[in-house]
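Enquirer: the following comprises the amino acid sequence and a computationally predicted model.
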Amino acid sequence: MEMATPEHLAMRKQPKQARTRALIDKVIASTVALVQAEGYHAVNTNSIAKHAGIDVKSLYEFFPNKESILYRMADEWLLSIRKLCDEYALNHQDLPWPEFFKQINAAVKQDLRYSDKFISLNGLWDLLPEFSQLDQVHQAFILSFYLKQFKRFGSTATLKQQKAVATFIMATEDGVGSMLENLKANEINELWQLQMETVLFHLEKILPRV
């Protein structure tokens, strides 16, 4: 499930060589670092280029504005989560449901620098319509993914109940994510652990006992 990039946020050209791909990675990493340190409104393309150690003209060869940098980061990040979910479900059919949900949750958090990305993009989902649309596509996928897994694990709850639990899980994820800024790594891990315990508590209500 992918969404076409809005024209005004699309890259001007795609990197084809290792050198230019490394430049793109550096620009995105610098944008993430600056947004986390200074906030979205304080960051501009000049400060991003300076932080990345490149000429701003090199940045403009690929990106028309700072929003396009963040959009690419958000799009790639959310797409990587969706791919991980699909691959994990395909390759871990033998796991009982508590282990499946715990392990896929941990895989997303560990492999995709989840907390860093969440902090960097926090607030943009509601600030810019294009980011909101991107998030809606992702949320629709996650809801569908949860419902498929509930069915696979033999839930006999009504569809309404299943949707309520899935929506609640997604809401707790967003709620914890919005609180991560300025927290230490151990504090972030503790919050995610509590969130996972809450998820399992509610899954027990709609999935068979193991």
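Expert: Arrived safely.
Enquirer: tell me the pLDDT of the most centrally placed residue in the chain.
Expert: Geometric centre of the chain, nearest residue: residue 78, 4.4 Å, by Cα atoms, centre = their mean. We have a pLDDT of 90 for residue 78.
Enquirer: kindly report the same for residue 17.
Expert: 91.
Enquirer: how about residue 25?
Expert: The predicted local confidence for residue 25 is 92.
Enquirer: on that earlier part again, does the residue nearest to the centre of the chain belong to a helix or a strand, and which?
Expert: According to DSSP states H and E, residue 78 maps onto helix 66-91.
Enquirer: confidence-wise, which helix or strand of the chain is lowest on average?
Expert: In the chain, no helix or strand scores lower on mean pLDDT, DSSP states H and E than helix 114-121, which sits at a mean of 74.
Enquirer: residues in contact with that one: which ones?
Expert: 31-32, 35-36, 70, 73-74, 77, 108-109, 131, 177, 180-181, 188 (Cβ atoms under 8 Å, 6 or more residues apart in numbering). Yep, even glycine has a C-beta here, placed from its N, CA and C like the rest.
Enquirer: could you do stretch 3-20 as well?
Expert: Applying Cβ under 8 Å, 6+ apart, the external contacts of stretch 3-20 come out as 21, 23-24, 60-65, 67-68, 71-72, 75, 130, 133-134, 137.
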